[in-house]
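Student: okay, sequence plus prediction incoming.
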There are 2 protein chains.
Amino acid sequence: MKDSPEDQIVNAILDAIAEQRLPAGTKLGEQALSDLFSCNRANVRRALASLAAQQVVELRPNRGAFVMTPSPKEARDIFQARRAIERTIARHASGQASAEDIAFLRDNILEEAEARKAGDKPAELRASRQFHMRIAQIAGNLVLERFLSELTMRSTLILGLYSPTGSSSCAEDEHDRIVDVLESGDTDELVRLADQHLRHLEAGLNFDEPPAAPMSLKEQLMVPRGTPSAG
Amino acid sequence: MKDSPEDQIVNAILDAIAEQRLPAGTKLGEQALSDLFSCNRANVRRALASLAAQQVVELRPNRGAFVMTPSPKEARDIFQARRAIERTIARHASGQASAEDIAFLRDNILEEAEARKAGDKPAELRASRQFHMRIAQIAGNLVLERFLSELTMRSTLILGLYSPTGSSSCAEDEHDRIVDVLESGDTDELVRLADQHLRHLEAGLNFDEPPAAPMSLKEQLMVPRGTPSAG
DNA sequence: TTATCAAATATTGTTAACAATAAATGACAA
DNA sequence: TTGTCATTTATTGTTAACAATATTTGATAA
């Protein structure tokens, strides 16, 4: 069961965004992508159309496709929507987690902590996202799961833009308590924790200074003057 | 400011689905669409990719694109998600409606009632959908607005499949009360009404008998035996 | 009639070439 | 140097032809 070239491209880009390897504003050239995935431009274009429909990519006519750069207003909307959806997910997941689910989540928390200690940001983000998505799976509503998938993706872009360096991602002790309460079956408390967790995440954002300018691939390679590389 | 051919196709198909002119399962041939919109197949294919990303169209490899046929389980997920989202919308719209908003909604209710009396199902569905979407606009969250747009679209497909003929769409007196409470600013009551309204809509569904078989364009033109056309 | 199968037809998937537009380059003048 | 403009280059948008795959059609046999 192999994926179509289009799905490959979509998934690769989504993964890269989810792990903050592709920052907001990055240009996604058609040639570059068709070379990378060794397929023709028609497939690339369809993939970009899909990503644009998911609001993860912005399509500027005659100029190309760019990783979406959420505005402060969009960021607020996204976190508000996340709270609505994750609260609902929490309500329906409560008391439904199997032993494997709990084990997975506990393991996931360790994985995230290790990645953080090791300074491996992509792994940390991947683990954190997996935590939220696993609970969505437990809730068993595919529509909410897909919506949350889109929102976590865009949240990652927001963190990359508006989060004072390092302060990003989730507080791990909050994840800890969430698993405990998820296991215990206290629905109201679980909903409360989910809401609070997202509020904390949002509170860490800083919209005062404008986001760093989008870098083209070329600019990413040129080290700016006055920024010695290592010594 | 003219739309790209791709957007035209996407919007035309979405409108047709929203008004139940395109029933679930309808095949969307590439040639047919490129003829209709006088553009090339590349644009059609991108449009179909967008619609597939919105879960409104199903893409079967080597077989083509079809209007999505929601299963009973999907229908449940969709209405559950709608309740979560429309409750949140209600909470944020409460007390935020301008005089024009209220006037629009009242007018919309009349329009829907007239369409129903006249037996104009498309107009009735269009009005009903507009009612929900206008309240979403009042709430002012573009993310929730877009999610609801997708869900109302898919709800229309569900009604077409599982609603005993005629019983579909919203009870108009419920819309009436919703506008009254929206105007009054009683948030909790508005949320309650929104939830109840959607539960009533869902309660009218019947999953017992399998949905009518998807019709091809050809079959739609052949009048089945024993069904005299007019007299 | 009904079932089976091969040929014919239609549809989707892929590719390459070309046109239209935007971005980058470099000459020129101030 | 710095700014402006024409030229060149690169990128996106469009189109048509072809290949691969389904579907339909019609003939044949039970």
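Tutor: Looks like it came in fine.
Student: show me what contacts residue A:194?
Tutor: A:83, A:86, A:87, A:89, A:90, A:178 (CB atoms under 8 Å, 6 or more residues apart in numbering or on different chains). Backbone N, C-alpha and C define where each C-beta goes, glycine included.
Student: now do residue A:181
Tutor: Contacts of residue A:181 (CB under 8 Å, 6+ apart): A:189, A:190, A:193.
Student: just the ones of the contacts of residue A:194 in helices?
Tutor: A:83, A:86, A:87, A:89, A:90, A:178 (DSSP state H).
Student: near DNA strand C, list only the ones from those.
Tutor: Filtering the ones in helices among the contacts of residue A:194 for proximity to DNA strand C by CB under 7 Å from any atom of the strand leaves nothing.
Student: tell me the two of those that are most distant?
Tutor: Maximum pairwise distance in the ones in helices among the contacts of residue A:194, criterion CB to CB, is 14.2 Å, between A:83 and A:178.
Student: looking at the two, which is more packed in?
Tutor: residue A:178 (24 against 18; other CB atoms under 10 Å in any protein chain shown).
Student: my guess is residue A:66 is in a strand, correct?
Tutor: Yes - with DSSP: H, G, I helix; E, B strand; the rest coil as the criterion, residue A:66 is part of a strand.
Student: show me the beta-bridge partners of it.
Tutor: Beta bridges link residue A:66 to residue A:27, residue A:58 when assigned by DSSP bridges.
Student: TSV please, covering the contacts of residue A:181 and showing pLDDT.
Tutor: Listed next are those as TSV, based on pLDDT from 0 to 100:
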residue	pLDDT
A:189	98
A:190	98
A:193	97
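Student: out of these, list just those in helices.
Tutor: Those of the contacts of residue A:181 lying in helices (DSSP H): A:189, A:190, A:193.
Student: against residue A:193, how distant is the closest residue to the first one other than its chain neighbours?
Tutor: In other words, residue A:189. Leaving aside its chain neighbours, residue A:189 sits nearest to residue A:181 (5.1 Å; criterion: CB to CB, 6 or more residues apart in numbering or on different chains). Distance from residue A:181 to residue A:193, counting by CB to CB, to the nearest Å: 6 Å.
Student: and the nearest residue to residue A:57 once chain neighbours are set aside, what element?
Tutor: Leaving aside its sequence neighbours, residue A:57 sits nearest to residue A:51 (CB to CB, 6+ apart; 3.8 Å). Per DSSP states H and E: residue A:51 is located in helix A:41-53.
Student: ok, and what's touching that helix?
Tutor: A:4-7, A:9-10, A:13-14, A:28, A:30-31, A:33-34, A:37, A:57-59, A:65, B:6, B:42, B:45-47, B:49-54.
Student: alpha carbons of that helix, in PDB - could you do that?
Tutor: Taking C-alpha atoms only, helix A:41-53 is exported to PDB below (Å, rounded to 0.1, in the frame of the first residue of the first chain):
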ATOM      1  CA  ARG A  41       5.300  19.500 -11.300                       C
ATOM      2  CA  ALA A  42       1.700  18.600 -11.800                       C
ATOM      3  CA  ASN A  43       1.800  16.500  -8.700                       C
ATOM      4  CA  VAL A  44       3.600  19.200  -6.800                       C
ATOM      5  CA  ARG A  45       0.900  21.600  -7.700                       C
ATOM      6  CA  ARG A  46      -1.800  19.400  -6.600                       C
ATOM      7  CA  ALA A  47       0.000  18.800  -3.300                       C
ATOM      8  CA  LEU A  48       0.300  22.600  -2.800                       C
ATOM      9  CA  ALA A  49      -3.400  23.000  -3.500                       C
ATOM     10  CA  SER A  50      -4.200  20.500  -0.800                       C
ATOM     11  CA  LEU A  51      -2.000  22.200   1.700                       C
ATOM     12  CA  ALA A  52      -3.500  25.500   0.800                       C
ATOM     13  CA  ALA A  53      -7.000  24.100   1.500                       C
END
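Student: and the angle for it with helix B:41-53?
Tutor: Here helix A:41-53 runs at an angle of 40 degrees relative to helix B:41-53 (axes from the mean of the first three to the mean of the last three CA atoms, to 10 degrees).
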